[in-house]
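>>> generate a structure from the sequence data that follows.
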Amino acid sequence: MMKALVLLGPGKPDTLQIAELPLPEPGPGEIRVRIHAAGLNPVDYKAAANGHPAWIYPFVPGVDGAGIVDAVGDGVTEWKSGDRVAYHGSFTKPGTFAEYAVTTAHTAARIPEELTFEEAAAFPCAGLTAYQALQRKMNLQEGQSVLIHAGAGGVGGYAVQLAKVFGASKILATASPANADYVRSLGADEVIDYNTEDVHARVMELTDGLGVDLILNSVNRKTAQADLSMLAFGGQLAVIAGAPENVADFQPSTKTFSVHKLMLGGAHGSGNLRAERDLAVMAGEFMELLRTRRIQAMVTETLALEDVPAALTRMSERHVRGKMVVKF
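Down below sits the predicted model:
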C-alpha cells in the first residue's frame with residue numbers, strides 16, 4: 001500500500017484528502033517510480049475542478065514527478081531499478097501526488113547527480129512549456145526582444161531565465177509591484193505593473209515604437225488579443241491559456257506575424273510518438289541548463305503532502321511566486 005492524495009470526485013483543492021491505495025503496477029512500456037518530489041501546477045487545480053472522463057475515482061492528481069525507478073514493465077530496456085528520473089506525466093492518468101506513480105518509459109529523463117529531486121520535480125510542466133515556446137516554437141534568436149506575461153509565475157519565471165540564456169536583447173515582463181524585484185533577479189530588464197500601467201503604451205515606449213519580436217502569454221484570451229498590437233514586424237506570439245479570438249481580422253498592412261498555440265501535455269495520448277519522446281529530450285536539455293546553473297529551479301516552497309490542498313488554493317488565487325514542490 002502507499003500514501004496518496006486523492007480526489008473522490010470533481011472539486012476544488014480543499015476536497016483533496018489523504019488515502020491509502022494499492023501500489024500501481026507498470027504495464028508494457030511503462031516504469032514505476034518511487035516519488036521523492038512532485039511539483040505543483042495550475043493544471044492540478046483546474047483539472048480537479050472539472051474532472052476527466054478517463055479518471056477512475058479515487059483519483060491521484062499531479063503531473064510532475066521525480067524519483068527512483070523501482071519496477072519496469074515488459075519491453076522496457078532503457079531503465080532499470082535505481083535509476084533517477086524526472087517526467088511530465090499525462091493528467092488523464094493517476095499522478096504524482098503519491099509515494100509511487102507509473103509513467104511511460106520513453107517520456108522520462110535521467111536526473112543528473114548534481115540536481116536534487118526537488119529541483120527536478122519543479123520544472124517539467126512550467127519549464128518545458130517555456131522551453132517549447134521559446135526554443136521549439138518561436139526559435140528565439142540572439143538579439144531579439146521578448147515580452148513575458150506573469151513573470152513571477154512558473155512558466156513566466158522560467159521563460160525570463162531562458163530568454164536571458166538564449167541571448168534576448170531586451171526582456172520585458174509583467175508582474176505585480178510585490179514581485180518586480182524577484183522578476184528582475186531572474187533576468188528581466190524591465191518589469192511592467194499590469195494593474196496600474198498601460199502595458200501596450202509601456203511596451204511601445206520601451207521598444208521605440210517598434211514592438212517586441214516575441215511574446216509568451218500564459219494569462220488569457222483578452223491579453224493575447226491585445227498582444228497582437230504589440231508585436232514587431234514579423235513578430236511571434238505563443239499562447240498557453242487561449243489564442244486571440246480575432247487573429248484573422250487583425251491583419252494591418254504594415255505587419256506580419258505568427259501565432260503558436262501550446263499544449264505541452266497534449267503530447268500524451270496524441271498518437272505522435274515523436275512528440276511524446278520530445279518531452280524526454282526537452283527535459284534532458286532543460287536539466288543540463290539546471291545542472292550547469294545557467295538557470296535556477298525557482299523552488300520557493302517545499303511542502304508535505306498534507307499541505308498540497310491549501311497550497312493549490314493559494315495558487316488558484318495567484319498568491320504564489322516561483323515553484324512549490326512536495327517532498328516525500
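>>> what are the boundaries of the helices in the protein?
42-50, 117-122, 124-131, 154-165, 180-186, 199-206, 221-227, 273-291, 308-316 (DSSP state H).
>>> just give me the lowest mean pLDDT stretch among those.
Mean pLDDT is lowest for helix 221-227 among the helices of the chain, at a mean of 89.
>>> quick one on the thing from earlier: mean neighbour count added to the helices of the chain, as CSV?
From N, CA and C alone the C-beta is placed, and that goes for glycine too. Supplementary listing: these in CSV, determined by neighbours: other Cβ atoms under 10 Å:
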stretch, mean neighbour count
helix 42-50, 18
helix 117-122, 26
helix 124-131, 28
helix 154-165, 27
helix 180-186, 18
helix 199-206, 16
helix 221-227, 19
helix 273-291, 17
helix 308-316, 19
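>>> so which of those is nearest Glu20?
With respect to Glu20, and counting by Cβ to Cβ, the nearest of the helices of the chain is helix 308-316 at 16.5 Å.
>>> could you give the angle of that closest one to helix 42-50?
Put simply, helix 308-316 runs at 100 degrees to helix 42-50, going by axes from the mean of the first three to the mean of the last three Cα atoms, to 10 degrees.
>>> helix 308-316 vs helix 154-165, what angle?
If you take the same axes, to 10 degrees, helix 308-316 sits at 60 degrees to helix 154-165.
>>> and helix 308-316, what does it pack against?
helix 42-50, strand 323-327 (3 or more Cβ pairs under 8 Å, 6 or more residues apart in numbering; DSSP states H and E).
>>> gap between the spatially most central residue of the chain and Thr15?
Using Cα atoms, centre = their mean, the residue of the chain that lies closest to the mean C-alpha position is Ala126, 1.4 Å off. According to Cβ to Cβ, to the nearest Å, Ala126 and Thr15 sit 24 Å apart.
>>> that older thread, tell me which of the helices of the chain sits nearest to Leu21.
Closest approach to Leu21 among those is made by helix 308-316 (15.7 Å; Cβ to Cβ).
>>> what residues does that closest one touch?
Helix 308-316 has contacts (Cβ atoms under 8 Å, 6 or more residues apart in numbering) with 5, 12-16, 40, 42, 44-45, 48, 97, 301, 303, 320, 324, 326.
>>> by mean pLDDT, which helix or strand of the protein comes out lowest?
Here the helix or strand of the chain ranked lowest by mean pLDDT, DSSP states H and E is strand 257-261, holding a mean of 86.
>>> check which residues of that strand are buried.
Going by neighbour count (16 or more other Cβ atoms under 10 Å), the buried part of strand 257-261 is Phe257, Val259, His260.
>>> distance to Leu312 for those - can I get that in JSON lines?
Shown next, in JSON lines, are these (distance: Cβ to Cβ, whole Å):
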{"residue": "Phe257", "distance to Leu312": "35"}
{"residue": "Val259", "distance to Leu312": "30"}
{"residue": "His260", "distance to Leu312": "28"}
